[in-house]
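> Below is the structure, and that's it, no one-letter string:
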């Protein structure tokens, strides 16, 4: 086994060695180049983890813009809910009117038919 | 009020409480957005989009994860959308997105073995990764999100996130070390 054969496996070892067979692991543990490379990967990982608490300062105005966008979105939402409420109300009124008209037509028709039957 | 109390108030519709959450977290959100997009303008858009989405779905936050973790996931999702949109607009290739920058220590000898400079150099190297590799490296190795959460946000399998993570680490190593022999490069 050579270093080149196992080099691709080294970044995986940072997360544990479950997926690597025993013979390969034994080689990695005994090979100085592998160990040096692993040390480099571990140091890289430590540095990456340190970045977590290294904040990047945004240019001024971002907070104000974000809060303004939120306010705008909230207003749009409120307006939409009012419009939706009105639409539902208008729909219900329209439906009731249509149902009333349909009933009136049916009643009138049935009365007319009854009148014709009596006349006949 | 701490985050938990502010979240509870925001879930009850208190926008002031939500705005306080924004004030307390926006620098963190911006930092993640910038690390993911590697573009200041995009990062600002991502921050706004993140809080709009968070406000819209705050009632769905159940508190089984930390609020910051929940926010990271929304930020990551908004960043991927932004990156995809930018790619469509600029027909940017997924491979090699940025100008090549030499981040090896011999290119900046005065910065060798300086912890702050190490962080700078790693930050620069992250920005040189492709968006796909960068996303997984940042979310896993910097922010510690589990593979499952990353896979869900990226819409890929857990196995694919692992492959991308290992490729990303390898690429960073290649960017930061000349030939694998400069032990103090990071």
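Cool, got the structure. Here the structure is a predicted model, which means the values were calculated and not measured. Numbers count the residues shown, from 1 in each chain, chains lettered A, B, ... in the order given.
> Flag every residue of chain A that's near chain B.
Within chain A, the positions near chain B by C-beta under 8 Å from any C-beta of the partner chain are A:8, A:11-12, A:14-15, A:33, A:36-37, A:39-41, A:43-45, A:47-52, A:54-59, A:62-63, A:65-67, A:69-70, A:73-74. The C-beta positions use only the backbone N, C-alpha and C, and glycine is treated the same way.
> Keep only those of these that are in helices.
Of the residues of chain A next to chain B, the ones assigned to helices by DSSP state H are A:33, A:36-37, A:39-41, A:43-45, A:47-51, A:62-63, A:65-67, A:69-70, A:73-74.
> so who does residue 55 touch?
This is for chain A. B:27-28, B:31 (C-beta atoms under 8 Å, 6 or more residues apart in numbering or on different chains).
> You answered for a different chain; I wanted chain B.
Residue B:55 neighbours (C-beta under 8 Å, 6+ apart): A:70, A:73-74, B:10, B:15, B:18.
> Would you convert these into CSV that also reports pLDDT, distance to residue A:94 and neighbour count?
What follows is those, written out as CSV (pLDDT from 0 to 100; distance: C-beta to C-beta, whole Å; neighbours: other C-beta atoms under 10 Å in any protein chain shown):
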residue, pLDDT, distance to residue A:94, neighbour count
A:70, 93, 36, 19
A:73, 87, 31, 15
A:74, 81, 30, 16
B:10, 94, 38, 23
B:15, 92, 34, 14
B:18, 95, 38, 22
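> farthest pair in those?
A:73 and B:10 (14.0 Å; C-beta to C-beta).
> any low-confidence regions in chain A?
A:79, A:81-83, A:85-86, A:88, A:116-120 (pLDDT under 70).
> ok, of the ones in helices among the residues of chain A next to chain B, which come out buried?
The neighbour count (16 or more other C-beta atoms under 10 Å in any protein chain shown) marks A:37, A:40-41, A:43-45, A:47-48, A:51, A:62-63, A:66-67, A:69-70, A:74 as buried among those.
> For residue A:110, give its distance to residue A:103.
11 Å (C-beta to C-beta, to the nearest Å).
> Would you mind confirming that residue B:49 is in contact with residue B:82?
Yes: using C-beta atoms under 8 Å, residue B:49 makes contact with residue B:82 at a distance of 7.2 Å.
> just to revisit the earlier point, out of the contacts of residue B:55, who's nearest residue B:56?
Checking those one by one against residue B:56 (C-beta to C-beta), the nearest turns out to be residue A:73, at 7.8 Å.
> and the closest residue to that closest one other than its chain neighbours, how many neighbours does it have?
In space, residue A:73 comes closest to residue B:52 once its chain neighbours are excluded; the distance is 5.4 Å by C-beta to C-beta, 6 or more residues apart in numbering or on different chains. A count of nearby residues for residue B:52, using other C-beta atoms under 10 Å in any protein chain shown, gives 18.
> Flag every buried residue along the host helix or strand of residue B:52.
For residue B:52, the host element (DSSP states H and E) is helix B:40-57. Neighbour-count burial for helix B:40-57 flags B:42-55 (criterion: 16+ other C-beta under 10 Å).
> Please report which of the contacts of residue A:55 has the highest neighbour count.
Neighbour max across the contacts of residue A:55 (other C-beta under 10 Å) = residue B:31, 23 neighbours.
> Spit out the contact partners of it.
A:54-56.
> Same question for residue B:29.
B:47, B:50-51, B:71, B:75.
> ok, back up a step: in terms of distance to residue A:22, which of the contacts of residue B:31 ranks first?
Nearest member of those to residue A:22, counting by C-beta to C-beta, is residue A:54, at 39.0 Å.
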